[in-house]
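1. I would like to see how this sequence folds:
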Amino acid sequence: VPWFWQPEYRAPVRDDFDRTEKEREMVEAYGLDDEQLQWRRNKAMSYGSGMEWLVDQEYPNCAADAFRTSTGNPLINPGTVMRAANTDFREREGPLIIGCDPAGDGVNKHDRSAIAFRQGRTCFRLEWLPSDHSTMQIVGRLVEIHNQFRPDAIIVDKGGLGAGIVDRLIEMHVPVIGVNNAENDTLRPDDYENVRAGMWWRMEEWFNNFPCRIPNDPALIADVTAPQPDRHSSGKKLLESKDKMKKRGIRSPDGGDALALTFAEPVAKRVDEL
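-> A predicted model of the protein is given here:
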């Protein structure tokens with residue numbers, strides 16, 4: 001339950017009160033007023049310097065906040081994500097990009113596969129495919145999406161089951177881009193250690209450059225806010241590995257990966273031949 005649903009969590013506003021950038025984001029995301037923000041400030045101060053993270057854990061704004069710990073440092077701020085989930089922004093311009101993260105490696109039990117639809121500043125749709133979907137069933141759904149929406153690009157993680165999906169789509173003459181997360185980032189190889197880091201950090205920039213919109217889907221919100229930033233020994237930016245996330249008790253962020261894939265490669269709007 002969000003803390004601000006409780007009417008008693010308010011405090012008189014101090015004369016020198018001025019909203020911080022984070023507080024302005026919270027106002028846009030959750031509709032808070034200054035009395036609620038002052039109460040939250042007071043609570044953070046009561047925990048002492050360096051312990052402000054406890055406010056998010058003990059008095060969460062959303063589910064993603066509730067599961068943060070003292071080591072929690074999500075690459076993408078939960079408040080920023082909630083702002084995008086709750087906005088009335090509806091503008092859709094630019095190329096339509098489909099990102100598909102086929103869950104699993106064909107051997108072990110896995111979560112659902114995810115398909116994200118993004119056009120410019122708006123991710124307007126997210127589909128979850130059941131964990132028992134076969135490779136050919138995922139291919140079939142992507143073919144249906146291609147025929148119905150005519151996207152400018154379909155980008156698929158070709159690790160694990162994805163390699164077969166990419167090969168079959170190519171055989172069926174469906175334009176597809178296969179992405180190997182471990183390969184060098186094509187846009188900024190000097191900044192990011194691999195494609196996975198590059199696409200997630202670009203997605204973080206997308207969320208920060210408000211307005212933008214995503215579906216108000218709890219699973220997607222949890223996935224997007226799950227991974228932590230990391231650094232390679234070379235100094236290049238990394239994203240926390242899925243193995244490290246598993247050790248923290250966090251499942252694979254399939255929905256977040258699907259949306260991040262729409263930032264993996266530069267895509268231009270397609271011009272159909274006459």
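
2. Where do the helices of the stretch 51-200 of the chain begin and end?
-> Assigned by DSSP state H, counting those that start in this stretch, the stretch 51-200 of the chain shows helices spanning 53-58, 63-66, 78-86, 135-149, 162-171, 195-208.

3. least reliable of the ones you listed going by mean pLDDT?
-> Note on the helices of the stretch 51-200 of the chain: helix 63-66 shows the lowest mean pLDDT, a mean of 66.

4. Adding mean neighbour count and distance to Arg112, write the helices of the stretch 51-200 of the chain out as TSV.
-> Using the backbone N, CA and C atoms, a C-beta is placed for each residue, glycine as well. Below are those laid out as TSV (neighbours: other Cβ atoms under 10 Å; distance: least, Cβ to Cβ, whole Å):
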stretch	mean neighbour count	distance to Arg112
helix 53-58	17	27
helix 63-66	19	18
helix 78-86	23	19
helix 135-149	16	11
helix 162-171	18	14
helix 195-208	22	19
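
5. Redo these as CSV? Include distance to Arg10.
-> Converted to CSV, those look like this (distance: least, Cβ to Cβ, whole Å):
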stretch, distance to Arg10
helix 53-58, 15
helix 63-66, 19
helix 78-86, 19
helix 135-149, 46
helix 162-171, 50
helix 195-208, 29
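
6. of all those helices, which lies closest to Ala260?
-> Across the helices of the stretch 51-200 of the chain, Ala260 has its closest neighbour in helix 195-208 (4.5 Å, Cβ to Cβ).

7. same question for the next helix or strand after the closest one, mean pLDDT?
-> Following helix 195-208 in sequence order, the next helix or strand is helix 218-224 (DSSP states H and E). Mean pLDDT, helix 218-224: 89.

8. List the buried residues in stretch 225-237.
-> Buried residues in stretch 225-237, counted by 16 or more other Cβ atoms under 10 Å: Thr225, Ala226, Pro227, Gln228, Pro229, Asp230, Lys236, Lys237.

9. tell me how far it is from the chain's mean position?
-> How far stretch 225-237 lies from its chain's middle: 16 Å, per Cα atoms, centre = their mean, to the nearest Å.

10. so how far is Asn86 from Glu25?
-> Note on Glu25: its distance to Asn86, by Cβ to Cβ, to the nearest Å, is 11 Å.

11. Touching both of the two, which residues are there?
-> Counting by Cβ atoms under 8 Å, 6 or more residues apart in numbering, no residue touches both Glu25 and Asn86.

12. For the protein, name the helix or strand with the lowest mean pLDDT.
-> Within the chain, no helix or strand scores below helix 63-66, which has a mean of 66 by mean pLDDT, DSSP states H and E.

13. ok, which pair from the buried residues of stretch 225-237 is furthest apart?
-> Put simply, by Cβ to Cβ the two of those set farthest apart are Thr225 and Lys236, 22.7 Å from each other.

14. how near is the residue most central in space within the chain to Lys237?
-> In the chain, the centroid-proximal residue (Cα atoms, centre = their mean) is Val224; its distance is 2.9 Å. Using Cβ to Cβ, Val224 is found at 17 Å from Lys237.

15. likewise Trp206?
-> 16 Å.

16. measure Arg141 to Asp152 for me?
-> Separation of Arg141 from Asp152 (Cβ to Cβ): 18 Å.
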